[in-house]
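>>> Sequence first, then the predicted structure:
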Amino acid sequence: MRKTWCGFRQSAIIETSLYLGIALLIDQISFSGNRFWTISPHPFWPIVLLISAQYGTSEGLFAALAATIVLLTGKLPQQTLSQDLYEYIFYISKNPLLWFTAAVLWGELRGRHANETRAIREELEATKDHALQVDAAYKQVAQLKEKLELKVAGQLKTAVRIYEAARGIDKLEPAHVMSGVSQLVRLVMNPEKFSLFLLKNGRLEVATKEAWSAEDPYSLEFSAQSTIYQEIIGRRRCLCCVNRDEEIMLGSEGMLAAPLVNSETGEVLGMMKIEKLGFADLNLSSVQTFKVLCDWIGTAYANALSYKDALAEKIFDQSTCLFSYGFFERQTAFLSNIAERVGFDISMIVLRLDNPHDLTDEQRSILPGMVGKVVQKCLRKTDLAFEHRQSASEHYIVLPNTSLEDSQTVCDKLLRKLSSLMPSELRHAQFSMTVQALYRHDRQPTAQSVAIPAAHGLFPASSFEWHSNYLTVLARRIGFDISVISIRPDSTQDWKSVTKAVGTVAGLYLREIDLAFEKSEPDGVFTILLPHTTRRQADIVSGLLVARINDELEKNNVDVSVTVGIEKLNVEGLEPVLHV
C-alpha cells in the first residue's frame, strides 16, 4: 500500500522538497539568490519533468506548484522600461505556466503508459491463471485417463480371466467341468466361501467346496425333505439372504443359493451355494449374475454328461478311422475273455508322440487321421486302433492273436510306414512305441477288466453289425464258431418291460463273452451274439433264455411272450465295418 499525504504520494513530495531545497541552497551559495531567473532553461524543470514522468499528473502538478511557489517567493526581476505590465507578468509567469503544461502532458503520458502496463499485467496475470487452470485441468484429465486406463485394463484382464475360466468349464469330461467351476465362480462372484452340490440318489450331495473350515456349520448333503431341497430343486427358486423369508429358508447355510439348470432341457442337476460374500459384492446385479452363472455351469455339466454317454456308445470315428477311447476298455475286456476261452494271445502297442509341444494345435489335429491311415494300410482287419481320449499324442493299438515278439515286428513296420506317409510340415514329429501284453494264454492275465454294457445289460442295436462282422473275421483267423440268437416278442406295447426282462435274463445266464443287443428298429428283434458256440450249443442256450424271459414277463404281469430264432454266421466274405 503506497503512502500518501493529502492525496499525493509521499515519495514524490519528499523528492520534490529535497530537490528544491538543494537548489535553493546552491542558489544562495553559488549564485546571487535570485531563484535562477537569469538561467535558461530554469533549473526547476528537471524536478517537474521527473516527478510528472515518474508519478503522473497529480504529483507533476504538485511539483510544478512547489517550483512556482519557490520561484515567486524569492527576488523577482525588476520590470524594465521597455516592458509594459502585461509583458512583465508574462515574463514572470512563463516558466510556471510551462511547468504546469508539461506536468499535465507528461503526467497524462505517464498515466496512459501506466494504464497500458497495468492492462498488460492484468492480462499476464489472467494468462497465468488460465495457464494454471489449464495445467490443473490437464493433470486432472491425465489422472482420470490413467484411472480409466487402469480400469479398462482391469476390466480387460478380468474379461480375459473370465473367458479363460469359462474355457475351463467348457470341457467334455464332467470331472474337468467341476475342476474349472472354482476359478470361474471366484472371478465372476468373488465369494469368500462357496460350494456346489449335485443331485444324486434323490438328495443333494456336495461335489465342490471352497474355503470351508472345520468349524463351519454347513451341511454336506440335503435330503428331499429339507427346506433348501424343496425350494431349490422342487420350486427352482433362487434364495437370497436379503429377503427375510428366504433368509429363514437358508438359515445358517449361506447367503445365496440357486439350482444348476440345463438351459436347453430345463433339467435340474444340482445347486450352487455361496456361504460368505462381501457386502459390496451383494447387490441386485450380482444376484442376477449368480442365476446366469448357475445356468451356465448347469448347461456345461449337462453337455459333458451327454458327451460322456455318447462317448460310451460311440465305437468308430469315420474321420480318423480310429475307434473311440470309450470303446477301448469294453472291447479289450471282451477280447480278453474270448482269448481266455479260445486260447490266444492279445498284445497292445502304445504309440506316443514324444514332442507334442513342438507342434501346433492344427498339426496335432492331423495326427489321428495319419495314424488311422497307417493302421489301415499296415495291419490286419482284426487289429484295432484307438484314440486316447481327446489327446492326439497317444494311441492304443490292440493286436488279437499276436505274441509280444510279433508285436515288436509290427511296431517297426508301423514306424516306417508312419515316417514315409508323414507330410513335410510334420517331419519333425518324433514317435515312440511300447509293447505290452493284454492277455497271455499260457499264464494268468495281469489284469482282467469287466465289460461295460449298456442299460439293462444290453448293448445298443446300432453296434450289432460291427460286432458280428468283426467276430466273424476274428473267428475265421483263429478258428471258432459263432452263433446268433434272435428273440422276437409276439406283440407288445410295453417295450420297456420286455427290454428289462431280456436284459435281466441275459445278465443272469449269459457268459462274459456273449453280447446281448437292444431291439432293432423297426422289427423289434433282440439279438444275442454267442462267440465260441456251436449251433447245437446255441439251441440249448436259446431254449433256456426263452423260458426264463417268459417267466420274467409273466411274473411282472406282462401279457406277451417271445419266440427264438437261431443262425450260425457264415464267416466267409464278411468284412468289419472298420475297413468299409
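Looks like it came in fine. Note that the coordinates shown come from a computational prediction; the quantities given were computed from them, not determined experimentally.

>>> so how far is the host helix or strand of Ala333 from its chain's centroid?
Element membership for Ala333, per DSSP states H and E: helix 328-342. Its chain's average C-alpha position is 45 Å from that of helix 328-342, according to CA atoms, centre = their mean, to the nearest Å.

>>> Which strands or helices does it pack on?
Other elements packing on helix 328-342 under the criterion 3 or more CB pairs under 8 Å, 6 or more residues apart in numbering; DSSP states H and E are strand 346-353, strand 391-400, strand 431-439. Glycine gets a C-beta too; all of them are placed from N, C-alpha and C.

>>> other SSEs contacting the shortest one?
Judged by 3+ CB pairs under 8 Å, 6+ apart, the packing partners of strand 346-353 are helix 328-342, helix 361-378, strand 391-400, helix 404-421, strand 431-439.

>>> Give the rounded mean pLDDT of it.
In this model, strand 346-353 carries a mean pLDDT of 86.

>>> Need the helices and strands packed on helix 328-342 in TSV (columns: mean neighbour count and distance to Ser520).
Listed next are these as TSV, based on neighbours: other CB atoms under 10 Å; distance: least, CB to CB, whole Å:
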stretch	mean neighbour count	distance to Ser520
strand 346-353	20	30
strand 391-400	21	27
strand 431-439	17	31
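
>>> Lowest average confidence across those, which one?
strand 391-400 (a mean of 78).

>>> can you list contacts of it?
Here strand 391-400 makes contact (CB atoms under 8 Å, 6 or more residues apart in numbering) with 322, 328, 331-332, 335, 339, 344, 346-353, 356, 364-365, 367-368, 371, 375, 379, 382-388, 406-407, 410, 414, 438, 474, 478.

>>> of those, buried ones?
322, 328, 331-332, 335, 339, 344, 346-349, 351, 353, 356, 364, 367-368, 371, 375, 379, 382-388, 407, 410, 414, 438, 474, 478 (16 or more other CB atoms under 10 Å).

>>> So Glu552, which state does it fall into?
helix (DSSP: H, G, I helix; E, B strand; the rest coil).

>>> quick one: contacts for it?
Glu552 touches 501, 504-505, counting by CB under 8 Å, 6+ apart.

>>> Quick check, pLDDT for it.
Glu552 carries a pLDDT value of 82.

>>> any idea which helix or strand comes after the biggest helix by length in the chain?
The longest helix of the chain (DSSP state H) is helix 85-169. Using DSSP H and E, the helix or strand that directly follows helix 85-169 along the chain is helix 174-189.

>>> how does this protein divide up, domain by domain?
4-126, 174-311, 314-439, 455-579 (automatic domain parsing).

>>> before we move on, the earlier item: the helix holding Ala333 to strand 346-353, inter-axis angle?
150 degrees (axes from the mean of the first three to the mean of the last three CA atoms, to 10 degrees).

>>> In the stretch 451-580 of the chain, where is pLDDT below threshold?
Along the stretch 451-580 of the chain, the parts satisfying pLDDT under 70 run over 451-457, 492-493, 558-562, 564-580.

>>> so where do the helices sit in the stretch 401-550 of the chain?
404-421, 464-478, 495-509, 535-555 (DSSP state H, counting those that start in this stretch).

>>> follow-up on the earlier one: between the helices and strands packed on strand 346-353, which gets nearest to Met272?
Distance to Met272, taken as CB to CB, is lowest for strand 391-400 among these, at 30.2 Å.

>>> Run the chain-centre distance for that closest one.
That offset, for strand 391-400, works out to 34 Å (CA atoms, centre = their mean).

>>> Check stretch 341-357 too.
38 Å.

>>> got the CA positions of it in PDB?
What follows is stretch 341-357, C-alpha atoms only, in PDB (Å, rounded to 0.1, in the frame of the first residue of the first chain):
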ATOM      1  CA  ARG A 341     -11.800-119.300 -23.500                       C
ATOM      2  CA  VAL A 342     -10.500-119.900 -27.000                       C
ATOM      3  CA  GLY A 343      -6.800-119.700 -26.100                       C
ATOM      4  CA  PHE A 344      -4.800-117.000 -27.900                       C
ATOM      5  CA  ASP A 345      -2.600-114.000 -27.000                       C
ATOM      6  CA  ILE A 346      -3.500-110.400 -27.100                       C
ATOM      7  CA  SER A 347      -0.900-107.700 -27.300                       C
ATOM      8  CA  MET A 348      -1.100-103.900 -27.300                       C
ATOM      9  CA  ILE A 349       1.100-101.200 -28.800                       C
ATOM     10  CA  VAL A 350       1.100 -97.700 -27.300                       C
ATOM     11  CA  LEU A 351       2.100 -95.200 -30.000                       C
ATOM     12  CA  ARG A 352       3.300 -91.900 -28.400                       C
ATOM     13  CA  LEU A 353       4.100 -88.500 -29.800                       C
ATOM     14  CA  ASP A 354       7.300 -87.600 -27.900                       C
ATOM     15  CA  ASN A 355       7.400 -83.900 -28.800                       C
ATOM     16  CA  PRO A 356       3.800 -82.600 -28.800                       C
ATOM     17  CA  HIS A 357       4.800 -79.100 -27.700                       C
END
